[in-house]
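Student: starting from these lines, generate the structure:
(chains A and B)
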2 protein chains.
Amino acid sequence: MGCRRNINQTVSLGLKNLKSKHEKIIDMVEKFIVTPWEVRGQIDYEKLVKEFGTKHINQKLLERIKKHTGELHPFLRRGIFFSHRDLDWILNEYEKGNKFFLYTGRAPSGPVHIGHLIPWIFTKWLQEKFDVELWFQFPDEEKTFFKENLTLEDTKKFTYENALDVIALGFDPKNTHFLIDTVNAKTMYKEAVKVAKKITFSTTKAVFGFSNDTNIGAIFYTAMQTVPAFLPSVMKGKNIPCLIPYAIDQDAHFRISRDVLPKLGYYKPAAIHCIFLPGLGGIVEQGKMSSSEEETTIYTTDDPETVKRKIVKYAFSGGAATIEEHRKKGGNPDVDVSYQWLTFFEDDDKKLKKIHDDYISGKLLTGELKQILIYKLNSFLKEHQKKREKAKDHYDKFIFKD
Amino acid sequence: MGCRRNINQTVSLGLKNLKSKHEKIIDMVEKFIVTPWEVRGQIDYEKLVKEFGTKHINQKLLERIKKHTGELHPFLRRGIFFSHRDLDWILNEYEKGNKFFLYTGRAPSGPVHIGHLIPWIFTKWLQEKFDVELWFQFPDEEKTFFKENLTLEDTKKFTYENALDVIALGFDPKNTHFLIDTVNAKTMYKEAVKVAKKITFSTTKAVFGFSNDTNIGAIFYTAMQTVPAFLPSVMKGKNIPCLIPYAIDQDAHFRISRDVLPKLGYYKPAAIHCIFLPGLGGIVEQGKMSSSEEETTIYTTDDPETVKRKIVKYAFSGGAATIEEHRKKGGNPDVDVSYQWLTFFEDDDKKLKKIHDDYISGKLLTGELKQILIYKLNSFLKEHQKKREKAKDHYDKFIFKD
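Tutor: From the prediction side, this is the model:
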């Protein structure tokens, strides 16, 4: 098989796997959609890099990061964080002693699933390695503009629940500030006003595909999403570089931020982008895990039996049709969701390589591979759920007091 | 002259005067513009009532008001407040013991002129006579969306200065709450979000004439202007009728409010509308006094000499070309700005009637009429400026604390 390559040959395993699958299912390629509100089809990340005008994270940049962090996070080694804007500039400034701050967020509209955790786990690592501030936005109004029946009462509840997941990942409370749009509106709205003045309806039509039928809240909202990218600069009265780690679907908002902020006298925010954790249904069916598809999504609060049941029943398999055939021809880790998920959750490269090689050789059966994933995820979630419970005592100290 | 009628023959003097002028200058008639951001040309209030779908305040309604207030404010007797929506319903509810609250406001973008005071003076009278709460909005972001060089720093300064004028009119601090959009955003933004969800870009195009080039702040803003019309109902957890006194140019916003609020479970706000105080340049040239035309505008902080100079020099005269001709043919109070202004500022009907009749007969010269106005205005402003100075000590207690 052309795709049977050594795991050590590439630093962008996740990305390349998705590409190899892409080659096989040509008819899906043209149909993928990546917007802040919808991700569908098999995503061609190469094409996104070109269309969005971002840059790949190359070996040279990885080495520069390593110089400061001592080691590379598996998400960097494996190309899960694969693209950026101005990351080299962020490092230039950092090396001159001009520290950046981090900004990421979560639009609360449902429970958190393990796919949501990917950019946050990485953000936590960046915070720790660079010792920098994080501003974490919970735009609790955003999704109410796009979902008829979702109210601010609903998103208030989800904000709290989702924040527990964020806190559970171990962010430093002294260096981390949660901004909740309706709670911190006194601070945020007046900054959003300055941003909104610089954005026409035409721009939102072009960037988000809005039409005359779009509600005026949805149209305005992007201004609120730009605020945390310069709010620390406003508060400290000096221009501070901003680095935003996010899944690539949020890029539209930050293209606008990069266009507007220099007009207000602030730096363009830099960005570092990750791919999506696919849903259990597979890379083609589910380009991105989705909270609304309960059975093919693992929530952070799922119990061990639920995790087991979902994976056993739904995880798309790259194995052969029968055990005999599998032993003879081997499995295909590139499309096997259990293996793909392990590239996100198994930090040990050696272990991952053995799983990869054993699966290809046919030594490891699909059922066994699923058991490895179930054990890995349940171990992770057991710890996460403990920390999530403890987070309830710390919620308040993370909220920005304006 | 057909327009020489007795002042006692009509309760809507201001309105009718403007109409009679209208008859003479046909070519201006079709060109008048009345929007929240622009008022131009000679305004045909009859046409506005039809186009906006409001109702005239008729004799029956005046009598119903008088039953509660004991007397009619000159602005009601003279038709300066001439139009309404659901004022009869407000009185029905009031008579059932269901008190309304008042809502009006001021978008700070410059100093206050005497034209701005008209709806506020009347609002103060309503507050006193009905003993009701007033919510007064200072949307300090609004005008920044429409004026390239106007910043939030500018409007912050104007908010304070303008608020002094409002306080100077004698509002009851216990029953009056100032809402400043950026200051009270914590309270207001989340309510605006609920409103914004119910308004499409199409609606703002139709109502305000917005286009693709309009900035997204301007598009969203109308949601903020709707908030005070139901905020007291939100805070008290029960539906409270709202009455909004305003100059008719703001009607576009409140047509939207009336459309949206029932969808959120609140009453449609009722309204009572006044005509504009014309600029010194006259009814035709200046349908509405404008802060940006300094020489034909009287600011509340103008000193007596400035008031005198502006009126002597710029007040459009309805007098004849020479004293001899004036003595013979008389003047025309319908187009004379000094006389028109006295219909706003001279409360005594008998005195006003005498001025009116003496001017028509030629007994009163334009110069003498101007002196009457100068004395009247300077007396008013002397008192106002004293109270405005004292207002500085009371500003803080009017600001809503959220």
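
Student: okay, CA-based contacts and neighbour counts for the rest of this
Tutor: Will do.

Student: pull the contacting residues for the residue lying closest to A:L369 once chain neighbours are set aside.
Tutor: Nearest residue to A:L369, sequence neighbours excluded (Cα to Cα, 6 or more residues apart in numbering or on different chains): A:S338, at 6.8 Å. Listed by Cα atoms under 8 Å, 6 or more residues apart in numbering or on different chains, the contact set of A:S338 reads A:I311, A:A315, A:F316, A:S317, A:L369, A:K370, A:L373.

Student: leaving out sequence neighbours, find the closest residue to the fourth one.
Tutor: Think A:S317. That would be A:D336: by Cα to Cα, 6+ apart, it lies 4.7 Å from A:S317.

Student: how distant is stretch A:318-331 from the center of its chain?
Tutor: With Cα atoms, centre = their mean, to the nearest Å as the basis, stretch A:318-331 stands 33 Å off its chain's centre.

Student: which ones among the contacts of A:S338 map onto helices?
Tutor: Counting by DSSP state H, these place A:I311, A:L369, A:K370, A:L373 in helices.

Student: closest one of these to chain B?
Tutor: Distance to chain B across the ones in helices among the contacts of A:S338 (Cα to the nearest Cα) is lowest for A:I311, with 38.4 Å.

Student: contacts only, for that closest one.
Tutor: Applying Cα under 8 Å, 6+ apart, one finds that A:I311 lies in contact with A:L280, A:S338, A:K370, A:I374.

Student: Throw those residues into CSV and include pLDDT, thanks.
Tutor: Formatted as CSV, the contacts of A:I311 follow (pLDDT from 0 to 100):
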residue, pLDDT
A:L280, 93
A:S338, 97
A:K370, 98
A:I374, 98
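
Student: what's the burial count for A:N175?
Tutor: Using other Cα atoms under 10 Å in any protein chain shown, A:N175 has 15 neighbouring residues.

Student: no, scratch that, I was asking about A:A206
Tutor: Going by other Cα under 10 Å, the residues that sit close to A:A206 add up to 11.

Student: which residues does the helix or strand where it lies contact?
Tutor: Element membership for A:A206, per DSSP states H and E: helix A:201-208. With contacts defined as Cα under 8 Å, 6+ apart, helix A:201-208 is touched by A:T35, A:F210, A:S211, A:I219, A:A252, B:S211, B:N212, B:D213, B:T214, B:N215, B:I216.

Student: doesn't A:I272 belong to a strand?
Tutor: Yes: looking at A:I272 with DSSP: H, G, I helix; E, B strand; the rest coil, it is inside a strand.

Student: excluding chain neighbours, what is closest to it?
Tutor: Nearest residue to A:I272, sequence neighbours excluded (Cα to Cα, 6+ apart): A:H84, at 4.2 Å.

Student: phi, psi of the one you found?
Tutor: Main-chain dihedrals, A:H84, degrees, to the nearest 10: phi -160, psi 170.

Student: for the residue of the stretch 301-402 of chain A found nearest chain B, helix, strand, or coil?
Tutor: Chain B sits closest to A:D402 of the stretch 301-402 of chain A, with a gap of 9.8 Å, by Cα to the nearest Cα. The three-state label given to A:D402 by three-state DSSP is coil.

Student: contact residues of chain A facing chain B?
Tutor: A:141, A:144-145, A:152, A:182-186, A:189-190, A:193, A:196-202, A:211-220 (Cα under 8 Å from any Cα of the partner chain).

Student: in PyMOL, select just the buried ones from those.
Tutor: Only the buried members of the residues of chain A next to chain B end up in this PyMOL selection, burial being decided by 16 or more other Cα atoms under 10 Å in any protein chain shown:
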select buried, chain A and resi 141+144+145+152+182+183+184+185+186+189+190+193+196+197+198+199+200+201+202+211+214+215+216+217+218+219+220
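
Student: wait, isn't A:A229 in contact with A:C242?
Tutor: Yes: with contact defined as Cα atoms under 8 Å, A:A229 reaches A:C242; the gap is 6.1 Å.

Student: quick revisit: and the contacts of A:S338 as TSV, adding distance to B:F52?
Tutor: Formatted as TSV, the contacts of A:S338 follow (distance: Cα to Cα, whole Å):
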residue	distance to B:F52
A:I311	62
A:A315	61
A:F316	61
A:S317	65
A:L369	70
A:K370	67
A:L373	66
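
Student: hmm, back to that, tilt between the helix holding A:A206 and helix B:201-208?
Tutor: 180 degrees (axes from the mean of the first three to the mean of the last three Cα atoms, to 10 degrees).

Student: average pLDDT across helix A:201-208?
Tutor: For helix A:201-208, the mean per-residue pLDDT is 96.

Student: where does pLDDT dip in chain A?
Tutor: Applying pLDDT under 70 to chain A flags the ranges A:1-31, A:284-287.

Student: change it to 80
Tutor: Chain A contains residues with pLDDT under 80 at A:1-42, A:283-292.

Student: tell me where it has strands.
Tutor: A:33-35, A:38-40, A:55-56, A:81-85, A:101-105, A:134-138, A:176-180, A:242-247, A:270-274 (DSSP state E).

Student: list the contacts of A:F122.
Tutor: A:F122 neighbours (Cα under 8 Å, 6+ apart): A:H73, A:F75, A:P245.

Student: can you select the buried ones from the residues you listed in PyMOL?
Tutor: The PyMOL command for the buried members of those (criterion: 16+ other Cα under 10 Å) is given here:
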select buried, chain A and resi 73+75+245
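
Student: closest to chain B among the contacts of A:F122?
Tutor: Out of these, the member with the shortest distance to chain B (by Cα to the nearest Cα) is A:P245, at 26.0 Å.

Student: number of nearby residues for the closest residue to the closest one other than its chain neighbours?
Tutor: Spatial nearest neighbour of A:P245, chain neighbours left out: A:I272 (4.7 Å); criterion: Cα to Cα, 6+ apart. Using other Cα under 10 Å as the criterion, A:I272 is surrounded by 24 other residues.

Student: for A:I272, what are its contacts?
Tutor: A:F81, A:F82, A:S83, A:H84, A:R85, A:L87, A:L243, A:I244, A:P245, A:Y246.

Student: give me the residue from the stretch 51-200 of chain A nearest chain B.
Tutor: A:T200 (4.0 Å).

Student: list the residues that contact that residue.
Tutor: Contacts of A:T200 (Cα under 8 Å, 6+ apart): B:N212, B:D213, B:T214, B:N215, B:I216.

Student: quick check: closest non-adjacent residue to the third one.
Tutor: Distances taken as Cα to Cα, 6+ apart put A:T200 closest to B:T214, at 5.4 Å, once the chain neighbours are dropped.

Student: hang on, the earlier thing: shared neighbours of A:A229 and A:C242, anything?
Tutor: In contact with both A:A229 and A:C242: A:Y103, A:P269, using Cα under 8 Å, 6+ apart.

Student: go ahead and confirm A:F398 touches A:D172.
Tutor: No: contact between A:F398 and A:D172 fails when scored by Cα under 8 Å: they sit 9.1 Å apart.

Student: quick one: which of the two has more around it?
Tutor: A:F398 (20 against 17).

Student: now A:F220: closest residue in space that isn't a chain neighbour?
Tutor: Excluding its sequence neighbours, the residue lying closest to A:F220 (Cα to Cα, 6+ apart) is B:I216, at 5.4 Å.

Student: distance of that neighbour from B:T54?
Tutor: Look at B:I216 and B:T54: by Cα to Cα, to the nearest Å, they are 29 Å apart.

Student: got it, and A:G209?
Tutor: A:G209 sits at a distance of 37 Å from B:T54 (criterion: Cα to Cα).

Student: looking at the two now, which is surrounded by more residues?
Tutor: B:T54 (20 against 11).

Student: that older thread, so which of the strands of chain A is nearest A:K392?
Tutor: When the strands of chain A are compared by Cα to Cα, strand A:176-180 sits nearest A:K392, at 14.4 Å.

Student: before I go, just wanted to say thanks for your time.
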